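Trainee: Compute the structure for the input listed below.
(one chain, ligands or ions: 1)
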Amino acid sequence: MSTEYVLIEQSSPLKGTVSLTGAKNAVSPIMASLLLTSGKNKLTNVPFSDDVRLMIKLLESLGAEVKADESLHTLEIDTSHIKSQSIGPDIMKKMRASILVMGPLLARFGFVEVALPGGCVLGARPIDYHLKAFAKMGVKIEAKGEYLTASAQKMHPTHCVLEYPSVGATENIMMAAVLTPGTTRITNAAFEPEVLDLIEVLKKMGAHIATFPPATIEIEGVTTLQPVEHHIMYDRLEAGSLLLAAAITGGEIHLPEAPAASMDVFLAKLEEMGHQLSYGDKGTGVALKATDSPKAVSFRTMPYPGFPTDLQAPMMAALCLASGKSFVDETVFENRLMHVRELQKMGAQIEMHGHTATIMGVDKLFGAAVIAPDIRASCALILAGLVAEGQTTMTGTHHLKRGYAGLLEKLQALGGKAQLLHE
Ligand code: EPZ
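Mentor: Just a heads-up that it's a prediction; the model follows:
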């Protein structure tokens, strides 16, 4: 069987203007939410990553009719004839976002059967917060082998307090509550921009949702929800990755659609490194001119609006070449530093203490054969390869294709030498 890999070569400073695609972590829950409606929905600015293609397969397996136009980045999804509420392991194991169909199917049909989810191996990644909240809403949950069945004669509203502002749990509970009569409240909810994009879609459907401090979302259940049209928000994580590609290679980049207003902590860290940033008006658009002597910075990943865990790996790649010592503390996932080992193969000086990495900046990295352990690590290794001396080959390309739509093509357009090849 031929091996697919990304060949990355030392590149000159990346320069240019690039457009962004829709956010992977917004489109997944939004596609799941369409199960709450019965009719023709249309999504635009859709990023056609493998996760989206898998979500299409999942919806079709339930009876949805999907028309995808990858060149126009649109999806038409007709949910008038949903005939199944059961998702098997073949789909569930490949993508964590598939768990997000539980809330909508429970809300609309009172029943759902799912195999336990998969996705990036970033630690245990349980779904206890989701299940605890469903149980409080009157859902009976049974584990049968590797399947979970959840059923409810009649769901009732609840006040659920999340012990951690889980993105997926917030989204799943919200989607279960929008058709549950009465007032459901989620305290310590996640307020990531992608959660807010989902709230906008649910409101367009006719849901009654209010948000207020402290990190509370209140849902007033309604009886039916209407099909929608929605333009998926631009991807702040793709934007961050592209900014770092220019930063690490000493280049210049302009992202006119970047949602800079939702990237403050990350952008402040780029400025702290010495990179020059300029911003469009109304919080949209950012340009970066890289410094040729980046300084070490430290950060810890936090729920929004803290430093996003999904930019931790790409940022660490840039810190490998910053002068001084950087401390990176991954607090969101207990096993999201697997890229350290791979960066060390390229000559990075990194020490690990628990979930904290200490990065001592070096003058150069060296091309190596590396393996991507998860989506964001795949981006980090490509960025490192763009500046490393010699050639880097990266396997584990399925992670890259799951999380990014067209990243290699965008890097090529900026002068980056990174291409997908088969042995
Ligand atoms: C979403 O994952 C994103 N995925 C992740 O992006 C992102 O890193 C994460 O949120 C944090 O921002 C999608 O939106 C599809 P969580 P999710 O529930 O919902 C623990 C990427 O690379 N937890 O906020 O799974 C969990 O183990 C991906 O784009 C429980 O303990 O994240 C983790 O330690 C990776 N019990 C922490 O909470 C639960 O029931 C945060 O998880 C749920 C979560």
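
Trainee: now Leu319, nearest residue through space, not along the chain?
Mentor: Closest residue to Leu319 apart from its sequence neighbours, by Cβ to Cβ, 6 or more residues apart in numbering: Ser326 at 4.2 Å. For glycine as for every other residue, the C-beta is placed from the backbone atoms N, C-alpha and C.

Trainee: partners of the one you found in the sheet?
Mentor: Per DSSP bridges, the residues bridged to Ser326 are Ile359.

Trainee: That one and Gly361: what is the separation?
Mentor: Distance of Ser326 to Gly361, computed by Cβ to Cβ, to the nearest Å: 7 Å.

Trainee: Neighbour count: these two, which is higher?
Mentor: Ser326 (23 against 17; other Cβ atoms under 10 Å).

Trainee: what's the closest non-adjacent residue to Val195?
Mentor: Leaving aside its sequence neighbours, Val195 sits nearest to Thr170 (Cβ to Cβ, 6+ apart; 5.6 Å).

Trainee: The one you found belongs to a helix, doesn't it?
Mentor: Yes. Thr170 forms part of a helix when assessed by DSSP: H, G, I helix; E, B strand; the rest coil.

Trainee: How about the contacts made by it?
Mentor: Leu162, Ile186, Ala189, Ala190, Val195, Ile217 (Cβ atoms under 8 Å, 6 or more residues apart in numbering).

Trainee: tell me the two of the residues you listed that are most distant?
Mentor: Leu162 and Val195 (12.0 Å; Cβ to Cβ).

Trainee: burial of the residue of the chain at minimum distance from the ligand, as a residue count?
Mentor: Residue nearest to the ligand within the chain (Cβ to the nearest ligand atom): Gly168, separated by 2.8 Å. Residues within reach of Gly168, counting by other Cβ under 10 Å, total 24.

Trainee: Surely it touches Leu100?
Mentor: Yes. Counting by Cβ atoms under 8 Å, Leu100 is a contact partner of Gly168 at 6.3 Å.

Trainee: Could you name every residue contacting both of the two?
Mentor: Pro29.

Trainee: which non-adjacent residue is nearest the most centrally placed residue in the chain?
Mentor: Centroid check for the chain by Cα atoms, centre = their mean gives Asn25 as the closest residue, at 3.9 Å. Closest residue to Asn25 apart from its sequence neighbours, by Cβ to Cβ, 6+ apart: Glu194 at 4.4 Å.

Trainee: Just the buried positions in the strand or helix carrying the one you found, please.
Mentor: Using DSSP states H and E, Glu194 sits in helix 193-205. For helix 193-205, burial by neighbour count (16 or more other Cβ atoms under 10 Å) applies to Pro193, Glu194, Val195, Asp197, Leu198, Ile199, Glu200, Val201, Leu202, Met205.

Trainee: so, if you compare the residues you listed, which one comes nearest to Gly396?
Mentor: For the buried residues of helix 193-205, the residue nearest Gly396 by Cβ to Cβ is Glu194; the value is 24.4 Å.

Trainee: That closest one reaches Ala97, doesn't it?
Mentor: No. Using Cβ under 8 Å, Glu194 makes no contact with Ala97, being 10.7 Å away.

Trainee: Give the residues shared as contacts by the two.
Mentor: Asn25, Pro29.

Trainee: Tell me the residues of the stretch 251-400 of the chain that contact the ligand?
Mentor: Thr309, Asp310, Val332, Phe333, Ile375, Arg376 (Cβ under 6 Å from any ligand atom).

Trainee: measure the nearest residue to the last one once chain neighbours are set aside to Ala377 for me?
Mentor: I take that to be Arg376. Closest residue to Arg376 apart from its sequence neighbours, by Cβ to Cβ, 6+ apart: Ala313 at 4.4 Å. According to Cβ to Cβ, Ala313 stands 5 Å off from Ala377.

Trainee: In contact with the nearest residue to Gly306 once chain neighbours are set aside, which residues?
Mentor: Distances taken as Cβ to Cβ, 6+ apart put Val265 closest to Gly306, at 5.9 Å, once the chain neighbours are dropped. Contacts for Val265 were tallied using Cβ under 8 Å, 6+ apart; they are Phe299, Pro305, Gly306, Phe307, Pro308.

Trainee: and what of Phe212?
Mentor: Counting by Cβ under 8 Å, 6+ apart, Phe212 touches Glu218.

Trainee: so it bridges to which residues?
Mentor: Applying DSSP bridges, one finds that Phe212 bridges with Thr216.

Trainee: That one and Gly22: what is the separation?
Mentor: In terms of Cβ to Cβ, Phe212 sits 28 Å off from Gly22.

Trainee: if we can go back for a sec, could you single out the nearest of the residues of the stretch 251-400 of the chain next to the ligand to Ile232?
Mentor: Of those, the one sitting nearest to Ile232 (Cβ to Cβ) turns out to be Asp310, at 16.5 Å.

Trainee: Please tell me the pLDDT value assigned to that closest one.
Mentor: pLDDT, Asp310: 98.

Trainee: Can you pull the domain assignment for this structure?
Mentor: For the chain, the domain assignment from automatic domain parsing gives the residue ranges 4-20+234-422, 24-231.

Trainee: Out of these, which gets the lowest mean score?
Mentor: Taking the mean pLDDT of the domains of the chain, domain 24-231 comes last: a mean of 94.

Trainee: Regarding that one, how distant is the last residue from the first?
Mentor: Domain 24-231 has its terminal residues 13 Å apart, counting by Cα to Cα, to the nearest Å.

Trainee: i'd like the first residue to be 43 from this point on
Mentor: Yep, numbering from 43; the last one is domain 66-273 now.

Trainee: With distance to Gly409 added, can I get the buried residues of helix 235-247 in a markdown table?
Mentor: Formatted as a markdown table, the buried residues of helix 235-247 follow (distance: Cβ to Cβ, whole Å):
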| residue | distance to Gly409 |
| --- | --- |
| Pro235 | 35 |
| Glu236 | 34 |
| Val237 | 39 |
| Asp239 | 38 |
| Leu240 | 41 |
| Ile241 | 44 |
| Glu242 | 44 |
| Val243 | 43 |
| Leu244 | 47 |
| Met247 | 50 |
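
Trainee: Pull the contacting residues for the closest residue to Lys84 other than its chain neighbours.
Mentor: Distance criterion Cβ to Cβ, 6+ apart; nearest residue to Lys84, sequence neighbours excluded, is Glu271 at 4.5 Å. Neighbouring residues of Glu271 by Cβ under 8 Å, 6+ apart: Asn83, Lys84, Leu85, Thr86, Lys246.
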